[in-house]
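>>> Here is my input, please return the structure:
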Amino acid sequence: MSKKHPVIAVTGSSGAGTSTVKRAFEHIFRLDNIQAAVVEGDSYHKFNRLEMREEMKQAAAQGRSLSHLV
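Alright, predicted model coming up:
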(Lines give C-alpha, C1' and ligand atoms only; values in the text may rest on other atoms or scores of the structure.)
Protein backbone atom coordinates (compact mmCIF):
# COMPACT_ATOMS: atom_id res chain seq x y z
CA MET A 1 0.00 0.00 0.00
CA SER A 2 1.11 3.56 -0.69
CA LYS A 3 -0.29 7.06 -0.95
CA LYS A 4 -0.65 6.47 -4.68
CA HIS A 5 -2.32 3.07 -4.23
CA PRO A 6 -4.22 3.05 -0.91
CA VAL A 7 -6.11 0.03 0.38
CA ILE A 8 -9.53 0.45 1.98
CA ALA A 9 -10.86 -2.52 3.93
CA VAL A 10 -14.49 -2.71 5.02
CA THR A 11 -15.39 -5.49 7.42
CA GLY A 12 -18.43 -6.37 9.47
CA SER A 13 -20.87 -9.06 10.36
CA SER A 14 -23.62 -10.20 8.06
CA GLY A 15 -26.28 -7.49 7.90
CA ALA A 16 -23.99 -4.78 9.29
CA GLY A 17 -24.12 -2.71 6.10
CA THR A 18 -20.78 -3.58 4.51
CA SER A 19 -22.36 -3.95 1.06
CA THR A 20 -23.98 -0.53 1.45
CA VAL A 21 -20.62 0.98 2.38
CA LYS A 22 -19.00 -0.74 -0.62
CA ARG A 23 -21.64 0.72 -2.95
CA ALA A 24 -21.08 4.18 -1.43
CA PHE A 25 -17.33 3.92 -2.10
CA GLU A 26 -18.01 2.72 -5.65
CA HIS A 27 -20.27 5.74 -6.20
CA ILE A 28 -17.62 8.15 -4.87
CA PHE A 29 -14.94 6.52 -7.01
CA ARG A 30 -17.13 6.71 -10.10
CA LEU A 31 -17.80 10.43 -9.49
CA ASP A 32 -14.06 11.06 -9.08
CA ASN A 33 -13.20 8.88 -12.10
CA ILE A 34 -11.14 6.52 -9.93
CA GLN A 35 -10.74 2.95 -11.15
CA ALA A 36 -10.78 0.80 -8.03
CA ALA A 37 -10.33 -2.95 -7.67
CA VAL A 38 -12.79 -4.66 -5.33
CA VAL A 39 -11.91 -7.92 -3.62
CA GLU A 40 -14.91 -9.62 -2.04
CA GLY A 41 -14.37 -11.56 1.17
CA ASP A 42 -17.90 -12.74 1.94
CA SER A 43 -18.17 -16.29 3.18
CA TYR A 44 -14.51 -16.36 4.15
CA HIS A 45 -15.06 -17.81 7.59
CA LYS A 46 -13.39 -20.67 9.38
CA PHE A 47 -16.53 -21.51 11.39
CA ASN A 48 -20.26 -21.39 10.67
CA ARG A 49 -22.50 -19.54 13.16
CA LEU A 50 -23.10 -22.52 15.45
CA GLU A 51 -19.45 -23.54 15.44
CA MET A 52 -18.41 -19.94 16.11
CA ARG A 53 -20.73 -19.71 19.10
CA GLU A 54 -19.11 -22.79 20.62
CA GLU A 55 -15.58 -21.60 19.78
CA MET A 56 -16.32 -18.23 21.40
CA LYS A 57 -17.51 -19.94 24.58
CA GLN A 58 -14.31 -21.97 24.72
CA ALA A 59 -12.14 -18.93 23.99
CA ALA A 60 -13.88 -16.87 26.69
CA ALA A 61 -13.36 -19.66 29.21
CA GLN A 62 -9.65 -19.54 28.35
CA GLY A 63 -9.48 -15.73 28.50
CA ARG A 64 -8.95 -15.40 24.73
CA SER A 65 -10.81 -13.35 22.12
CA LEU A 66 -11.80 -14.84 18.78
CA SER A 67 -12.56 -13.58 15.27
CA HIS A 68 -14.46 -15.11 12.33
CA LEU A 69 -11.33 -14.54 10.27
CA VAL A 70 -9.03 -16.80 12.29
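>>> Low-confidence ranges, this protein, go.
For the chain, applying pLDDT under 70 flags the ranges 1, 42-45, 68-70.
>>> which residues in it form helices?
For the chain, helices defined by DSSP state H occupy the ranges 18-31, 49-61.
>>> Which one, of these, ends up nearest to Pro6?
Judged by CB to CB, the one of the helices of the chain that comes nearest to Pro6 is helix 18-31, at 11.5 Å. Any C-beta I mention is one placed from the backbone N, CA and C, and that applies to glycine too.
>>> Identify all contacting residues around that closest one.
Residues from elsewhere that reach helix 18-31 (CB atoms under 8 Å, 6 or more residues apart in numbering): Ile8, Val10, Thr11, Gly12, Ile34, Gln35, Ala36, Val38.
>>> Among those residues, which pair sits farthest apart?
Gly12 and Gln35 (24.8 Å).
>>> Give me the more crowded residue out of these two.
Gly12 (10 against 6; other CB atoms under 10 Å).
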